[in-house]
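> 3D, please:
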Amino acid sequence: MTEHLMILTGASRGLGLAVARQWLQASGHVLIALARHPDASLADRAQQQGSRCLSWALDLADAPAAAQALADWLAAQPADAFASATLLNNAGVLSPLGPIGASSAAELSNALRVGLEAPMLLTAAFLRGTEGWSAREAGAVKVLNVSSGLGRRAMAGSAAYCAAKAGMDHYSRAVALEEAQRPHPARIVSLAPGVVDTDMQVQLRAGDPAAFPDRLRFVHLKDAGLLDSAEAAAAKVLAWLDRADFGAQPIADVREG
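Numbers count the residues shown, from 1 in each chain. Just a heads-up that it's a prediction; the model follows:
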């Protein structure tokens, strides 16, 4: 029981890919990388470091199927297989910027399915699947949800994304209360990673100012060099995961230390 398990969504680009690469730098780490189009290089990186990477090509818009795949895999693992187990819900979707009435039902549904429904269903499957594991008894089962400042401060033109992240925060609070009643609780944190230079930031800077009044704020962040690289943000997320007090507060922000 020396391996450490991480299940990571959105592992093929941006923050998720950076987290995956850094997680696989250590030996004895096992990564299940969920993405619509997995990054084939992760398996090679894992092998070089004495770790393992399982890439699952899944669309989180079909959250029940993704959760079932995770449940089936967890059920097949021995209870003492891993020294620790972490679910890191990172994937999110920014629907087209603009008033909610300008978005299609399909676009809004996709943003909420990927950004909120999938994390909830995966968390439920993960907590059920690790029940009775040695890692649970050792206090080494964790859920880290990648949230956003936009879940805590509303912004015009991005209602679906704001709603998904706010929902993620609040379901994390509720799960933390539930787990606190259990003899061997999992620990959960919804963590805002700061402002990260990813494809989502490119979308925000390219928004129509008439439909997205905060566009210039994101242009300024880029021009002023105030964005973290994906690699720097990933290091902060993984450092938070390793904190001794992880889960003491279910809502956190890397900028507030």
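> just say helix, strand or coil for the closest residue to Arg36 other than its chain neighbours.
Leaving aside its chain neighbours, Arg36 sits nearest to Asp59 (5.2 Å; criterion: CB to CB, 6 or more residues apart in numbering). Backbone N, C-alpha and C define where each C-beta goes, glycine included. At Asp59 the chain is in coil, as set by DSSP: H, G, I helix; E, B strand; the rest coil.
> tell me the contacts of the closest residue to Ser190 other than its chain neighbours?
Leaving aside its chain neighbours, Ser190 sits nearest to Ser172 (3.8 Å; criterion: CB to CB, 6+ apart). Counting by CB atoms under 8 Å, 6 or more residues apart in numbering, Ser172 touches Val143, Asn145, Ser147, Ile188, Val189, Ser190, Pro250, Ile251.
> let's see that with 10 Å instead.
89, 119-120, 123, 143-145, 147, 188-191, 247, 250-252 (CB atoms under 10 Å, 6 or more residues apart in numbering).
> who's in contact with the residue nearest to Arg36?
Counting by CB under 10 Å, 6+ apart, Asp59 has contacts Leu34, Ala35, Arg36, His37, Ala65, Ala66, Asn110, Arg113, Val114, Ala118.
> same question, Ser147
Ser147 neighbours (CB under 10 Å, 6+ apart): 89, 92, 119, 164-169, 172, 189-193, 251-253.
> what do you get for Asp208?
Pro96, Leu97, Gly98, Ala102, Gly157, Arg215.
> give me the neighbour count for the fourth one.
The tally of other residues near Ala102 (other CB atoms under 10 Å) stands at 13.
> now do it against Met200, distance only.
From Ala102 across to Met200, the span is 19 Å (CB to CB, to the nearest Å).
> and for Ala75?
Applying CB to CB to Ala75 and Met200 gives a distance of 34 Å.
> residue ranges for the strands of the stretch 101-250 of the chain, please.
141-146, 187-192 (DSSP state E, counting those that start in this stretch).
> and the ones you listed as a markdown table, adding mean pLDDT and distance to Ala224?
Formatted as a markdown table, the strands of the stretch 101-250 of the chain follow (pLDDT from 0 to 100; distance: least, CB to CB, whole Å):
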| stretch | mean pLDDT | distance to Ala224 |
| --- | --- | --- |
| strand 141-146 | 98 | 24 |
| strand 187-192 | 98 | 20 |
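> mind checking which of those is nearest Leu238?
strand 141-146 (9.2 Å; CB to CB).
> what's that closest one packed up against?
strand 3-9, helix 14-23, strand 82-89, helix 118-129, helix 134-137, helix 159-180, strand 187-192, helix 230-241 (3 or more CB pairs under 10 Å, 6 or more residues apart in numbering; DSSP states H and E).
> mind running it again at 7 Å?
strand 82-89, helix 118-129, strand 187-192 (3 or more CB pairs under 7 Å, 6 or more residues apart in numbering; DSSP states H and E).
> off-centre distance for it?
Distance of strand 141-146 from its chain centroid, counting by CA atoms, centre = their mean, to the nearest Å, is 8 Å.
> ok, residues contacting it?
Outside strand 141-146, the residues that touch it by CB atoms under 7 Å, 6 or more residues apart in numbering are 15, 85-90, 119, 123, 126, 130, 133, 135, 168, 172, 186-191, 193, 241, 246-247.
> ok, that strand: who's next to it in the sheet?
Partners of strand 141-146 in the sheet, by DSSP bridges, are strand 82-89 (parallel), strand 187-192 (parallel).
> just the buried residues of the first one, please?
What it means is strand 82-89. Residues of strand 82-89 classed as buried by neighbour count (16 or more other CB atoms under 10 Å): Phe82, Ser84, Ala85, Thr86, Leu87, Leu88, Asn89.
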